[in-house]
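Peer 1: structure here, sequence nowhere to be found:
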């Protein structure tokens, strides 16, 4: 009967558990000793499990377990590049500012984005609108832009289904039928 060797390591709430033959456990312990000696070479992200390479001539048994924990860190939102579009009146089409004043979307970001998207797709005749165009509109209208624009758009899509991402390009968005009806028929609110 083969002997089973176990090793448990807890380095400040990180846990590494190994179980298997003595040569298997020893091989992994040697790998972890090297990692602990030079921590500057190791970059562990919060969702990444650490599994060192097994020694070349040895096969890993099915009963091994490796676990690590690390603290979570904040990530900043990706920068959205502004994309210009026509926001000024051309005689037929009102300016974006006049359209916003006419529709009175309020201060809710979902409503504002839906009105901007409606302006771009219905009045300007574009197929879709982009995050960069929304960024540009916020800047030109001097409206305080939310920090995480894309996440706001995703949350509003899930909550009220006013717009949805384009299947081919995830930076482009379409108004849903509900979004079109909301902007054209329900705004301004009575």
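Peer 2: Thanks, I have the structure now. Keep in mind the model is a prediction, meaning the values are calculated, not measured.
Peer 1: measure the most centrally placed residue in the chain to residue 80 for me?
Peer 2: Closest to where the C-alpha atoms of the chain average out (CA atoms, centre = their mean) is residue 151, at 6.7 Å. Per CB to CB, to the nearest Å, residue 151 is found 11 Å from residue 80. For every residue, glycine as well, the C-beta is placed using N, CA and C.
Peer 1: what do you get for residue 95?
Peer 2: The value you get for residue 95 to residue 80, if CB to CB is used, is 23 Å.
Peer 1: off-centre distance for the helix or strand bottoming out on mean pLDDT in the chain?
Peer 2: Each helix and strand of the chain was given a mean pLDDT (mean pLDDT, DSSP states H and E); the minimum falls on helix 22-37 at a mean of 72. Centroid displacement of helix 22-37 relative to its chain, using CA atoms, centre = their mean, to the nearest Å, is 36 Å.
Peer 1: list the buried residues for it?
Peer 2: Of the residues in helix 22-37, those buried under the neighbour-count criterion (16 or more other CB atoms under 10 Å) are 24-28, 31-32.
Peer 1: with adjacent residues omitted, what lies nearest to residue 139?
Peer 2: residue 82 (6.4 Å; CB to CB, 6 or more residues apart in numbering).
Peer 1: can I take it that that neighbour is in a helix?
Peer 2: No. Counting by DSSP: H, G, I helix; E, B strand; the rest coil, residue 82 falls outside a helix, being coil.
Peer 1: what's the first helix or strand after the least confident helix or strand of the chain?
Peer 2: helix 96-103 (DSSP states H and E).
Peer 1: counting contacts, what elements does that next one pack onto?
Peer 2: Packing partners of helix 96-103 (3 or more CB pairs under 8 Å, 6 or more residues apart in numbering; DSSP states H and E): helix 109-118.
Peer 1: show residues contacting the helix it packs on.
Peer 2: 96, 99-100, 103, 105-106, 129, 133-134, 137-138, 143, 146, 152-153, 156, 159-160, 162-163, 173, 175, 179-180, 182-184, 187 (CB atoms under 8 Å, 6 or more residues apart in numbering).
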